[in-house]
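S.K.: this one's structure only:
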């Protein structure tokens with residue numbers, strides 16, 4: 001089973017940028033579709049972004065499209081989420097996730113089942 005550790009969260013102001021990183025260990029992440037979810041207080045965990053195992057395909061939730069960019073470095077077993085033009089509505093705990101099956105389709109990644117999860121990192125955007 002893979003271990004996922006997020007870093008890079010914190011407190012920023014509206015309009016600022018922030019980069020979250022996810023480091024995978026325990027197995028190579030290069031064959032697995034990975035991505036990010038987030039959960040705001042009192043809300044369900046929701047899909048944010050995903051990147052295919054080879055980095056060629058990405059998908060984003062509509063409310064982050066154009067502001068967030070997901071990338072991966074398979075040599076380092078890391079996945080990053082660059083977040084620009086942050087808004088108070090982006091405030092949430094952000095979770096890194098990996099498909100449990102190799103070569104999964106990124107189209108299906110938004111489903112919360114069959115995932116390995118990190119512990120989450122808090123992102124707070126003040127107005």
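M.R.: That came through fine. Because the structure is a prediction, the values reported are computed rather than measured.
S.K.: what secondary structure does the nearest residue to residue 50 once chain neighbours are set aside sit in?
M.R.: Nearest residue to residue 50 in three dimensions, chain neighbours excluded: residue 35, at 3.3 Å (C-beta to C-beta, 6 or more residues apart in numbering). Quick note: C-beta positions are derived from backbone N, CA and C, even for glycine. Following DSSP: H, G, I helix; E, B strand; the rest coil, the label given to residue 35 is strand.
S.K.: all strands for this structure, in order.
M.R.: 3-7, 10-13, 18-25, 34-39, 46-51, 58-60, 68-73, 78-83, 92-99, 115-117, 121-126 (DSSP state E).
S.K.: In CSV, list those along with mean neighbour count, mean pLDDT and distance to residue 109.
M.R.: Putting those into CSV (neighbours: other C-beta atoms under 10 Å; pLDDT from 0 to 100; distance: least, C-beta to C-beta, whole Å) gives the following:
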stretch, mean neighbour count, mean pLDDT, distance to residue 109
strand 3-7, 17, 97, 14
strand 10-13, 13, 98, 26
strand 18-25, 19, 97, 14
strand 34-39, 24, 98, 5
strand 46-51, 22, 98, 4
strand 58-60, 17, 97, 7
strand 68-73, 18, 98, 11
strand 78-83, 22, 98, 12
strand 92-99, 24, 97, 7
strand 115-117, 18, 95, 8
strand 121-126, 16, 98, 19
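S.K.: Output these as CSV; include the columns distance to residue 108.
M.R.: As requested, the strands of the chain are exported to CSV (distance: least, C-beta to C-beta, whole Å):
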stretch, distance to residue 108
strand 3-7, 19
strand 10-13, 31
strand 18-25, 19
strand 34-39, 11
strand 46-51, 9
strand 58-60, 10
strand 68-73, 16
strand 78-83, 17
strand 92-99, 9
strand 115-117, 11
strand 121-126, 25
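S.K.: so which of those comes closest to residue 107?
M.R.: strand 58-60 (7.1 Å; C-beta to C-beta).
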